[in-house]
Every structure is written in C-alpha cells, then in structure tokens.
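Enquirer: this is the structure alone, sequence omitted:
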C-alpha cells in the first residue's frame with residue numbers, strides 16, 4: 001500500500017500548499033503524478049489517500065471530507081490509479097459518530113473506492129478513570145461493529161501496540177494494551193465486536 005498522506009487542509013479541505021515540498025516541486029497535480037509513477041513502478045500496489053479528521057460531523061470535518069471526496073473524484077477523472085480512502089481514526093469516546101462514518105464510507109464506496117481504517121486509536125484523559133476505560137472499550141467496539149457494515153471495506157489497523165509509547169499520545173492510554181503489554185478492556189471490546 002502506498003499513501004498520499006494528509007494532503008488537505010483541516011479548515012476547508014483544499015490541497016495543502018503551505019510548507020508542502022511536493023506541491024512546491026511538482027505543482028498542484030503532484031498527487032496524480034505520484035500515483036502514476038508509483039503504479040508504473042509497482043502495478044500491484046494499492047494506492048490511496050490517507051487522511052485524519054474526516055469521519056465526524058463537526059463543521060471542519062465535513063468540509064475536509066468534502067475536499068477529500070472532491071480530490072478523489074478529480075484524480076479518478078484524470079485517470080490516476082487511486083484505489084482507496086484510508087481513514088485515520090484518532091478519536092476519543094465522545095467524538096465517534098457511527099451514522100456519519102457509515103454514510104461517508106458509503107459515499108466513498110459509491111464512487112468506486114475501497115475503505116481502510118489505517119490508524120485507529122481512542123484517546124483518554126491523562127488521569128483516566130475506570131469509567132473512561134469502559135467508554136474506550138465501548139468506542140473501540142462501536143467502531144469495529146460499524147466498520148464491519150462498511151461496503152468495500154478492506155482492513156482495519158490499530159495505530160500502535162501499547163500505551164506509553166513515546167511516539168504517539170504517551171499519556172493518553174489510546175491503545176488495546178497497557179504499558180506492560182496487558183490486555184485492556186478495549187481489547188475485549190474489539191473481540192466482542194468481531195464475534
């Protein structure tokens with residue numbers, strides 16, 4: 001899988017230009033050019049747009065999703081070999097809305113693209129309580145249950161193995177295993193959804 005990563009602005013869904021070396025070097029058509037070249041190098045590679053903050057119904061996420069959808073349509077119309085939208089699902093227990101996510105993945109499937117979740121985590125407060133961990137479990141469970149209903153779904157990837165990693169939200173307990181690699185209730189929430 002080869003990804004064009006985080007290509008649009010958070011505020012309006014337009015192509016990122018500020019401090020974008022690819023845009024500076026190749027122009028506004030850089031993603032299409034990159035996909036054409038990647039496809040030529042490996043015709044079997046899955047090529048996708050990978051983006052965060054597009055699954056929710058708050059105003060900027062709606063604008064950003066519409067920008068990504070427009071970009072996918074434009075790439076397809078120009079003959080770019082793009083196959084999928086990859087959803088970076090960096091959420092918290094209050095931010096995931098299953099109905100909105102399912103509707104948006106359906107729009108993507110209707111356009112002829114696959115859906116992947118590539119970076120799933122559920123952030124908690126630094127001083128998380130038992131209630132927070134239960135909410136995290138239910139959120140992971142709901143996301144997996146919802147993804148199982150998605151048309152043209154391909155794969156779901158958790159964004160890390162254990163809490164406390166210095167590389168991602170080290171104090172926010174976002175993953176399925178704790179700092180000592182012990183299964184958290186979130187792990188069992190995913191298992192319940194898969195059953």
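Expert: Structure's in. What do you need? The model shown is predicted, which means the values in this text are computed figures rather than measured ones.

Enquirer: so residue 68 sits right up against residue 15, yeah?
Expert: No - between residue 68 and residue 15 there is no contact under C-beta atoms under 8 Å: 10.3 Å. Bear in mind the C-beta positions are built from the backbone N, C-alpha and C, glycine included.

Enquirer: what residues are shared contacts of those two?
Expert: The contact sets of residue 68 and residue 15 overlap at 7-8 (C-beta atoms under 8 Å, 6 or more residues apart in numbering).

Enquirer: among those two, which residue is more densely surrounded?
Expert: Using other C-beta atoms under 10 Å as the criterion, residue 68 and residue 15 rank with residue 68 on top: 21 against 17.

Enquirer: let me know the next secondary structure element after the strand or helix carrying that one.
Expert: If you go by DSSP states H and E, residue 68 is part of helix 59-77. Using DSSP H and E, the helix or strand that follows helix 59-77 towards the C-terminus is strand 84-88.

Enquirer: next, the angle helix 59-77 makes with that next one.
Expert: Comparing the axes of strand 84-88 and helix 59-77 via axes from the mean of the first three to the mean of the last three C-alpha atoms, to 10 degrees yields an angle of 160 degrees.

Enquirer: counting by contacts, list what strand 84-88 packs against.
Expert: Helices and strands touching strand 84-88, by 3 or more C-beta pairs under 8 Å, 6 or more residues apart in numbering; DSSP states H and E, are strand 47-52, helix 98-110, strand 114-122.

Enquirer: what's the closest of the ones you listed to residue 61?
Expert: When the helices and strands packed on strand 84-88 are compared by C-beta to C-beta, helix 98-110 sits nearest residue 61, at 8.5 Å.
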